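Student: Output the structure for:
(one chain, ligands or ions: 1)
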Amino acid sequence: MRKIDIFDTTLRDGEQTAGVNLNAHEKLEIARQLERLGVDVIEAGFPAASPGDLAAVKQIAEEIKNSTVTGLARSTQKDIDAAWEALKDSAEPRLHVFLATSPIHMTYKLKKTPDEVIETAVQSVKYAKQKFPVVQWSAEDACRSDLPFLAKIIEQVIEAGASIINLPDTVGYRSPAEYGQLFQYVREHVPNIHRAKLSAHCHDDLGMAVANSMAAIENGADQIECAINGLGERAGNASLEEIGVALAIRSSFYQAESRLELKEISRTSSLVSRLTGISVPPNKAVVGKNAFAHESGIHQDGVLKEKSTYEIITPELVGVSSNSLVLGKHSGRHAFRSHIQKLGFEPGEEQLNILFKEFKDLADRKKELTEEDIFALLLEHKIQPPVPMYQLGDLQVNYGTNNIPTATITLKAPDGTEIQEAGTGSGSVEAIYNTLDKMLPLPVHLKDYRIQSVGSGRDALAQVYVLLEYEDQEINGSGTAQDVLQASAKAYVHALNKTIMNVQKDELVNVSL
Ligand SMILES: [Zn+2]
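Tutor: Residues are numbered from 1 along each chain as shown. Okay, the predicted model is just below:
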């Protein structure tokens, strides 16, 4: 069986999703989970974008050992130097350098002739090879490039030292058959192509990103670039989870496999969704809430008699737990610890005490505690900034149909002191948010507020997502609690803390691929 490398770009292309703004701590949490998931390559960011981006990529490169860490660079020495600074201490420093090759991009964006573009590409790869053992070169907008020109530039960048050639469908334009033909053409017309691996990078503008990626595999691509939950520019990138599961379920057809730990898929999807604030649609393949729900009576009857009648993927394959009770209020500290270790959490003693207390509190109040509840509780801690920030203390809300809603809130400041304030609003949530604004006066504007339940039932946990606008940045926050008002307050405090952390964040340069 052919081995397909999974190249995850959640932290680079995915981070360019509108409304997504991850800080260094959040990126590291996602990178750790991607490592557990077994992705071959993690594209951790674009180091030349800002000193903050560089530092985040550096931290990931230093910590992650079982996946290769790479960073994106334009074809300039400055970008390549920034990437080297970020990646030089990684297990296998790898650069991802790109240049546009389509007439429209060369003429209007680069303002270069085709020969000048070849010269720039070759020089940048040669320069990168002096530092990096592995250089991946991408032909931006490959799908709208002149094919003989594409073959010529690829031959020369391989000669210059590139060992992975990526052919992105940057604008999400191609059909699977056409995208497959592009790979075939390159394999047939680039004389030294055997010295490089071919890679696919697809966007979902026409809903064909995953199909195009699979077509690339059929036509010789050995690496697929994709993102968790299909995040990415515009309509997003190909979904990692769909590609991973398609390769596993249809391995006999594709005669190919990946080294993904599929049982980590559901948790990875949840973590990315919580941290980015982008929820997963219920009907999304593999990770949507309804992906394994059989609604029609005929289907239910079939599945009860024999699962494979209507079920080609088992929930267990991707780590979706059954709704059975996993731990209860009589579970001890030891059982709790070993259970959360299985979920990838390694708390210190102090953190374990806090988590265990929260678990006991929750177990007292909620009839049935599912794996989803426990994971939500753990995520609540995972998403908090690593440095002491403001914490929600007491919350009291007074609401009556004939009263003005009033909130009284206590916040614990990073220095340990407590501040208290009261405020009103036209509704309970607004009263809470007005009060918090008085306590932490920042010029933020609430752009979005969403609430959903974790699992089902009247006593289900509430998960609230908020999106704040601060100057020209958008900042997400989320909070989970059994009470919707408490979850709302937590989400807002979470977003305010992130805003405070972001205040000094520098200007970003954005690139697309
Ligand atoms: Zn892209």
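Student: Spell out which residues of the stretch 401-513 of the chain are next to the ion.
Tutor: Leu513 (Cβ under 5 Å from the ion). In short, each C-beta sits where N, CA and C put it, glycine included.
Student: so where's the stretch 401-513 of the chain uncertain?
Tutor: 503-512 (pLDDT under 70).
Student: Name the residue of it that lies nearest to the ion.
Tutor: Leu513 (4.3 Å; Cβ to the ion).
Student: who touches that residue in this structure?
Tutor: Asp13, Leu72, Phe98, Ser138, Glu140, Pro168, Thr170, His201 (Cβ atoms under 8 Å, 6 or more residues apart in numbering).
Student: out of the residues you listed, which is most surrounded?
Tutor: Greatest neighbour count in these, by other Cβ atoms under 10 Å, goes to His201: 30 neighbours.
Student: who does the one helix or strand that residue maps to pair up with?
Tutor: Per DSSP states H and E, His201 falls inside strand 197-202. With DSSP bridges as the test, strand 197-202 is paired with strand 164-169 (parallel), strand 223-226 (parallel).
Student: List of residues touching the helix or strand of the chain with the lowest mean pLDDT?
Tutor: Using mean pLDDT, DSSP states H and E, helix 297-305 stands out as the lowest-scoring helix or strand of the chain, at a mean of 78. Residues outside helix 297-305 that contact it (Cβ under 8 Å, 6+ apart): His294, Thr309, Tyr310, Glu311.
Student: in it, what's buried?
Tutor: For helix 297-305, a neighbour-count test (16 or more other Cβ atoms under 10 Å) marks Gly302 as buried.
Student: Likewise for stretch 469-481?
Tutor: Neighbour-count burial for stretch 469-481 [16+ other Cβ under 10 Å]: Glu469, Tyr470, Glu474, Ile475, Asn476, Gly477, Ser478, Gly479, Thr480, Ala481.
Student: Identify the residue nearest Pro405 in space, chain neighbours excluded?
Tutor: Among residues not flanking Pro405 along the chain, Ala431 sits closest, at 4.3 Å (Cβ to Cβ, 6 or more residues apart in numbering).
Student: can I assume the one you found sits in a helix?
Tutor: Yes. Read with DSSP: H, G, I helix; E, B strand; the rest coil, Ala431 is one of the residues of a helix.
Student: surely it meets Lys438?
Tutor: No. Look at Ala431 against Lys438 with Cβ atoms under 8 Å: they stay out of range, at 11.0 Å.
Student: overlap in contacts of these two?
Tutor: Gly423.
Student: Settle it for me: which of these two has more neighbours?
Tutor: Ala431 (24 against 13).
Student: what about that one, distance to Ala407?
Tutor: 4 Å (Cβ to Cβ, to the nearest Å).
Student: Common neighbours of the two, please.
Tutor: Val397, Gly423, Thr424, Gly425.
Student: Now render the residues you listed as a markdown table, adding secondary structure, neighbour count and distance to Ile60.
Tutor: Output for the shared contacts of Ala431 and Ala407, formatted as a markdown table (DSSP: H, G, I helix; E, B strand; the rest coil; neighbours: other Cβ atoms under 10 Å; distance: Cβ to Cβ, whole Å):
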| residue | secondary structure | neighbour count | distance to Ile60 |
| --- | --- | --- | --- |
| Val397 | strand | 20 | 40 |
| Gly423 | strand | 19 | 40 |
| Thr424 | strand | 14 | 44 |
| Gly425 | coil | 17 | 41 |
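Student: Out of those, flag the one nearest to Lys88.
Tutor: Gly423 (50.5 Å; Cβ to Cβ).
Student: so who does the nearest residue to the closest one once chain neighbours are set aside touch?
Tutor: Nearest non-adjacent residue to Gly423, counting by Cβ to Cβ, 6+ apart: Thr435, 3.5 Å away. Taking Cβ under 8 Å, 6+ apart, we find Thr435 in contact with Ala407, Thr408, Ile409, Glu421, Ala422, Gly423.
Student: What are the buried residues along stretch 454-465?
Tutor: Going by 16+ other Cβ under 10 Å, stretch 454-465 has these buried residues: Val454, Gly455, Ala460, Leu461, Ala462, Gln463, Val464, Tyr465.
Student: so what's the first one up against?
Tutor: Contact criterion Cβ under 8 Å, 6+ apart gives Glu372, Asp373, Ala376, Ala460, Leu461, Ala462, Gln463, Thr480 as the residues in contact with Val454.
Student: Got phi/psi on the fourth one?
Tutor: I take that to be Ala460. phi -60, psi 150 (degrees, to the nearest 10).
Student: now the nearest residue to it once chain neighbours are set aside, what's its secondary structure?
Tutor: Closest residue in space to Ala460, ignoring its immediate chain neighbours: Ser453 at 4.1 Å, by Cβ to Cβ, 6+ apart. Judged by three-state DSSP, the three-state class of Ser453 is strand.
Student: For Ser453, give the beta-bridge partners.
Tutor: Ala462.
Student: Between all of the buried residues of stretch 454-465, which two are separated the most?
Tutor: Pairwise distances across those peak at 16.7 Å for Gly455 and Tyr465 (criterion: Cβ to Cβ).
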